[in-house]
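Asks: okay, here's the prediction I keep looking at, along with the sequence it came from:
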There are 2 protein chains.
Amino acid sequence: MTRIVRREEIEAALPGVDLLAAMERAFVAWSSGRAVVPPVGEMLFSRPPGEVHLKYGYVHGEPYYVVKVASGFYQNPAQGLPSSNGLMLLFSQATGELVSVLLDEGLLTDQRTAAAGAVAAKYFAPAEVARIGVIGTGMQAELQLRHLLPVTGCREVLVWGRGAAQCDALRQRLADTDYRIDLAASPAEVARVCQLVVTTTPATRPLLDAVAPGTHVTAVGSDTAEKQELGPGLLAAADVVAVDSRAQAASRGEVFRAVSAGALDMASVIELGEVIDGSRPGRTHAGQITVVDLTGVATQDIAIATAIYRSVSHAD
Amino acid sequence: MTRIVRREEIEAALPGVDLLAAMERAFVAWSSGRAVVPPVGEMLFSRPPGEVHLKYGYVHGEPYYVVKVASGFYQNPAQGLPSSNGLMLLFSQATGELVSVLLDEGLLTDQRTAAAGAVAAKYFAPAEVARIGVIGTGMQAELQLRHLLPVTGCREVLVWGRGAAQCDALRQRLADTDYRIDLAASPAEVARVCQLVVTTTPATRPLLDAVAPGTHVTAVGSDTAEKQELGPGLLAAADVVAVDSRAQAASRGEVFRAVSAGALDMASVIELGEVIDGSRPGRTHAGQITVVDLTGVATQDIAIATAIYRSVSHAD
């Protein structure tokens, strides 16, 4: 019997799931070549404008395959609705039976993206972080900070966003944590004083062009060919540039933009899964600049859907 | 709030839904060019062997878009499970919200395929049908006969299949109808005495090479480039050849095989939706041989999912 899991039940289950460990396994599964991930399906709407993406795949040797439907209808907020929506479906790899319907409305994509940022910080942030910098004040900025809590002891945060009101709102949403959140005057100020920087905006022109030695940057905002948060010079200056998927980085995200600009050689780019499984080094000394560019891979969806289903059904 | 519809509820709703009318609208929507249907997504499994198809699309001006996941795991019957499985998802075209999850396990695909056969018979069968012929004795053979009940007054059926036991089983499953079902010695015997023939097998070599003048043939078994139930000569001899989708017929089904064999000119092939909307004639006199080759189009899935949802939710 198919297990239907409503959003409220997913929200209740999330605190009990080790998403960081699930994302580590997801990136290793991806980099090991055990994942089967067909091309993303896409469908566009014009009245009103909207887009739907179908992402699906499985990992050899695991019990489930996953289909994710994710949509963006950008006039929704005018009606008081979120622009993002969707669900995840978990099927048996052995029989094709539908095991679970996760009615997450896009929540699990947001969560797995934030947990991936924490994985990047775990392997690349310098040992001493005096301040965390966040570019953007939206929901992903909040979730990144939440998922960083177990990964760093630092609680000083400098945020740059559209304005003081948005920064205040972020501070209020994080009032249950012990973060102290200040507003920066510019992205450059964030770059100057923070050692762990996360960029979370849908910008299409670079917000950060340079960071100080000893800084790690995780870029999660850009997941298309058009979006860009980091100047090519920042990636050129980095000692290590890692991505979730080299295949995807060839056509989208910060690495795509830097390679297109001639500032970066794709051959020097490593995968996060290779660092997690120990086959490549991550950060090797405190003074390095490191960049992790995340565009999102299907193994993350498989891992988070499987973890939530196991949690709510007490299945192995 | 997403409406979850279990299989039992779908089964209970089906008798109250006018699937024939829904399929007529579906074929007209397809042929009118109002449908947006991206390429089918496919994923293959090897241990055990299996395949998953993602079909999705929408019709401009309608309220919903539909995503269908359909799987075949061919070792399932050894464990007492059906090889086919899947579900349909109904989303709002206006906001992307998930309106309904139809847990049909493939049932609605079988039903819409059978209802499409009835539509083909309605427009192409001769006025006088002394006997209905069915090639195949499986579930689709049964459903085709059930959906033909309102379309023809004929209750004499000649079936050819793998053996007498399978024919007996089909007769028992249809015991609630007034069909009289006999077993044919060969497909050729079916062709000789029946005026309305439906082929429902997964054959990969022709079972029927010729039919008598005044016969209509609906072919629903072949939906890939490999499967074939009708000899190219039968299509060459036909006065009218119609398909659900000319675009699909270019790469799969009986028409694909006949065109590949040089027996048929694709320019002469019409679409069922063009006949339903009156822009092309169907059968124009009793002595014609007509063939309708159905490979299945996404507008059928959209139409049946919408009809079932409206029925169970009493929505407009």
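Replies: Thanks, I have the structure now. Residues are numbered from 1 along each chain as shown, chains lettered A, B, ... in the order given.
Asks: setting aside sequence neighbours, what's the nearest residue to A:G273?
Replies: Of all residues not flanking A:G273 in the chain, A:S31 sits nearest, at 2.8 Å (CB to CB, 6 or more residues apart in numbering or on different chains). Yep, even glycine has a C-beta here, placed from its N, CA and C like the rest.
Asks: and what of A:E97?
Replies: Closest to A:E97 by CB to CB, 6+ apart is B:N85, at 5.7 Å.
Asks: all helices for the stretch 201-316 of chain A, in order.
Replies: Along the stretch 201-316 of chain A, the stretches classed as helices by DSSP state H, counting those that start in this stretch are A:232-237, A:246-249, A:253-260, A:272-276, A:298-313.
Asks: in JSON lines, list these along with mean neighbour count.
Replies: Putting the helices of the stretch 201-316 of chain A into JSON lines (neighbours: other CB atoms under 10 Å in any protein chain shown) gives the following:
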{"stretch": "helix A:232-237", "mean neighbour count": "19"}
{"stretch": "helix A:246-249", "mean neighbour count": "19"}
{"stretch": "helix A:253-260", "mean neighbour count": "25"}
{"stretch": "helix A:272-276", "mean neighbour count": "24"}
{"stretch": "helix A:298-313", "mean neighbour count": "24"}
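Asks: make a markdown table out of these and add mean pLDDT.
Replies: Below are the helices of the stretch 201-316 of chain A laid out as a markdown table (pLDDT from 0 to 100):
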| stretch | mean pLDDT |
| --- | --- |
| helix A:232-237 | 97 |
| helix A:246-249 | 93 |
| helix A:253-260 | 95 |
| helix A:272-276 | 98 |
| helix A:298-313 | 96 |
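Asks: and the end-to-end length of stretch A:95-111?
Replies: Length of stretch A:95-111, first residue to last, CA to CA, to the nearest Å: 29 Å.
Asks: scratch that, stretch A:32-43 is what I was asking about
Replies: Using CA to CA, the end-to-end distance of stretch A:32-43 comes out at 30 Å.
Asks: how about that stretch and chain B, any contact?
Replies: Yes: interface with chain B: stretch A:32-43 contributes A:36, A:38-39, A:41-43 (CB under 8 Å from any CB of the partner chain).
Asks: off-centre distance for that stretch?
Replies: 17 Å (CA atoms, centre = their mean, to the nearest Å).
Asks: buried residues in that stretch?
Replies: Buried residues in stretch A:32-43, counted by 16 or more other CB atoms under 10 Å in any protein chain shown: A:32, A:35-38, A:41, A:43.
Asks: burial check on the nearest residue to A:Q288 once chain neighbours are set aside, number of neighbours?
Replies: For A:Q288, ignoring the flanking residues on the chain, the nearest one in space by CB to CB, 6+ apart is A:D239 at 4.0 Å. Using other CB atoms under 10 Å in any protein chain shown, A:D239 has 14 neighbouring residues.
Asks: do the same with A:R47
Replies: Residues near A:R47, counting by other CB under 10 Å: 9.
Asks: same thing with A:H314?
Replies: 6.
Asks: re the thing from before, and the residue nearest to A:E97, what element?
Replies: strand B:84-92 (DSSP states H and E).
Asks: C-terminal to that strand, what's the next element?
Replies: Next helix or strand after strand B:84-92 toward the C-terminus (DSSP H and E): strand B:98-102.
Asks: packing partners of that following strand?
Replies: Under the contact criterion of 3 or more CB pairs under 8 Å, 6 or more residues apart in numbering or on different chains; DSSP states H and E, strand B:98-102 touches strand A:84-92, strand B:3-5, strand B:84-92, helix B:298-313.
Asks: what comes into contact with that strand?
Replies: Strand B:98-102 is touched from outside by A:4, A:69, A:85-87, A:101, A:103, A:105, B:2-5, B:10, B:64, B:87-92, B:108, B:305, B:308-309, B:313, with contacts defined as CB atoms under 8 Å, 6 or more residues apart in numbering or on different chains.
Asks: how about the residues of the stretch 101-250 of chain A by chain B?
Replies: Counting by CB under 8 Å from any CB, the stretch 101-250 of chain A sits next to chain B at A:101, A:103, A:105.
Asks: can you tell me the centre-most residue of chain A?
Replies: By CA atoms, centre = their mean, chain A has its centre lying nearest to A:T113, at 2.7 Å.
Asks: what residues are up against that residue?
Replies: A:140, A:143, A:220, A:294, A:296, A:300 are the contacts of A:T113 under CB under 8 Å, 6+ apart.
Asks: quick revisit: quick check: the residue nearest to A:Q288 vs A:V217, distance?
Replies: Going from A:D239 to A:V217 by CB to CB, to the nearest Å gives 12 Å.
Asks: need the overlap of contacts for the two.
Replies: Listed as contacting both A:D239 and A:V217 by CB under 8 Å, 6+ apart are A:289-290.
Asks: show me where the stretch 51-200 of chain A has its helices.
Replies: Counting by DSSP H, counting those that start in this stretch, the helices of the stretch 51-200 of chain A are A:107-124, A:139-148, A:164-173, A:187-193.
Asks: between these, which one is nearest to B:S279?
Replies: Comparison of the helices of the stretch 51-200 of chain A against B:S279 by CB to CB identifies helix A:107-124 as nearest, at 44.5 Å.
Asks: any idea how far the residue of the stretch 201-316 of chain A found nearest chain B is from B:G33?
Replies: Nearest to chain B, among the residues of the stretch 201-316 of chain A, is A:A298, at 10.6 Å (CB to the nearest CB). Noted for A:A298: a distance of 33 Å to B:G33, by CB to CB.
Asks: same deal with A:P48?
Replies: 21 Å.
Asks: show me what contacts the residue nearest to A:Q288?
Replies: Neighbouring residues of A:D239 by CB under 8 Å, 6+ apart: A:288-290.
Asks: hang on, isn't A:D182 packed against A:L158?
Replies: Yes: between A:D182 and A:L158 there is a contact under CB atoms under 8 Å: 5.3 Å.
Asks: tell me which of these two has more neighbours.
Replies: Per other CB under 10 Å, whichever of A:D182 and A:L158 has more neighbours is A:L158, with 23 against 13.
Asks: how far does the strand holding B:N85 sit from its chain's centre?
Replies: 18 Å.
Asks: before we move on, what about stretch A:13-20?
Replies: For stretch A:13-20, the distance to the chain centre is 16 Å (CA atoms, centre = their mean).
Asks: good, we can wrap up now.
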